[in-house]
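> next comes the sequence, and after it the predicted model I'd like to discuss.
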Amino acid sequence: MRKIFFLLIYISSYSLNAKTDPRNFDYSRVDSICKEEDFETIAEFASFVNANFKTQHEKFRAVFIWVSTNISYEDSASLDPETIFTSGETMPTGAAYLIKLLCNQCGITCRVVKGIAKSGFNKELASITWNIVTLEEMEYPTDVEYAKNNHEEYFLPLPGILILDHYPENFSDQLLSSPIEKQTFLNAPCFSEKAINYEITLYSPSKYELHIHPSDKIIFNYTMNLLPENAHVDIETSYNDKNPVSKKINISPEENKLTFDIAFENTGTFYITIYLDFVATVYYKVIVD
């Protein structure tokens, strides 16, 4: 009987001390309670969250889902977090400041991160803000603005995945054991939010702009944690080519890898778009001379 008693104490102690992975938690209850709730003041919001949720990850999810659902973006709107809360509008870079304030009011450590993002064929750069939140003594990146329109992958992305399209001003905010240089980020292919969704961990070629000779072949390799059901490539001769050449890709789902090659017979400049499940995901520029 005594052995059973001590075993129960051990199991209970282990259960209390085991940490929950905030990335793999069922937040359906949090979302249903908070998503469209109306609040007059930030104090009322914080009181509601603290009364309904006990864990840090659930409280943060409440903050995140409420801001994602209730805040819209206008270029002329305010950056002041209290004004954002009451008006429901902010400039594209303002939501991170509201996330920080709401987290702090709910007893969660959170800071604003400034940096750049790049996108599309022309590697367009944009100044952006996101957050780093501390949950159960672990730091996680999060981007509520990019999560707009149901991009759930930006809730708590892996740091090694977020670096595909987010580069912070401060080196340490990469949250990587081996941070990458800014020039490496700038030279890399352009990724859309779909790359974050599929958690692309390794990719080759590692540069956006590729120089080859006629008849040369480029081999593309991708390793991802989630594999798409469909994939294809469009090869265009301009940004808005009306008749791009399309190439179907064979997928090896058992290996979580995507491998294919393209040979270029003619000289010129070509723009490569890799589609995963019919959504543009990775961009390259190829110069054949």
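That came in fine, so what should we check first? Numbers count the residues shown, from 1 in each chain.
> tell me the secondary structure for residue 223?
Assigned with DSSP: H, G, I helix; E, B strand; the rest coil, residue 223 falls in the strand class.
> just checking, it touches residue 200?
Yes: the pair residue 223 / residue 200 is scored as a contact, 7.2 Å apart, by Cβ atoms under 8 Å. For glycine as for every other residue, the C-beta is placed from the backbone atoms N, C-alpha and C.
> looking at the two, which is more packed in?
Higher neighbour count among residue 223 and residue 200: residue 200, with 23 against 16, using other Cβ atoms under 10 Å.
> how about that one: what's its closest non-neighbour residue?
residue 224 (4.7 Å; Cβ to Cβ, 6 or more residues apart in numbering).
> gap between that neighbour and residue 89?
Distance, residue 224 to residue 89, using Cβ to Cβ, to the nearest Å: 36 Å.
> give me the more crowded residue out of the two.
Between residue 224 and residue 89, counted using other Cβ under 10 Å, the more crowded position is residue 224 (20 against 15).
> what residues sit buried inside the helix or strand where residue 284 lies?
Assigned by DSSP states H and E, residue 284 falls within strand 279-288. Buried residues in strand 279-288, counted by 16 or more other Cβ atoms under 10 Å: 280-286, 288.
> adjacent strands (with direction) for that strand?
strand 190-191 (antiparallel), strand 209-212 (parallel), strand 268-276 (antiparallel) (DSSP bridges).
> comparing these, which comes out most buried?
strand 190-191 (a mean of 24; mean count of other Cβ atoms under 10 Å).
> can you tell me which residues contact residue 159?
Contacts for residue 159 (Cβ atoms under 8 Å, 6 or more residues apart in numbering) come out as 141, 174-176.
> top of the residues you listed by neighbour count?
residue 141 (23 neighbours).
> I figured it hits residue 112, correct?
No: here residue 141 does not reach residue 112: they are 11.7 Å apart, not a contact under Cβ under 8 Å.
> which regions of the stretch 51-200 of the chain sit below the pLDDT cut-off?
Applying pLDDT under 70 to the stretch 51-200 of the chain flags residues 149-150.
> go with 80
For the stretch 51-200 of the chain, the stretches with pLDDT under 80 are 119-123, 149-151.
> can you give me the helices in this protein?
In the chain, the helices defined using DSSP state H lie at 2-17, 28-34, 42-52, 56-70, 81-87, 95-105, 159-162, 182-187, 193-198.
> tell me where the stretch 101-250 of the chain has strands.
With DSSP state E, counting those that start in this stretch applied, the stretch 101-250 of the chain shows strands at 109-119, 124-135, 138-142, 167-168, 190-191, 200-204, 209-212, 217-224, 231-236, 245-248, listed in chain order.
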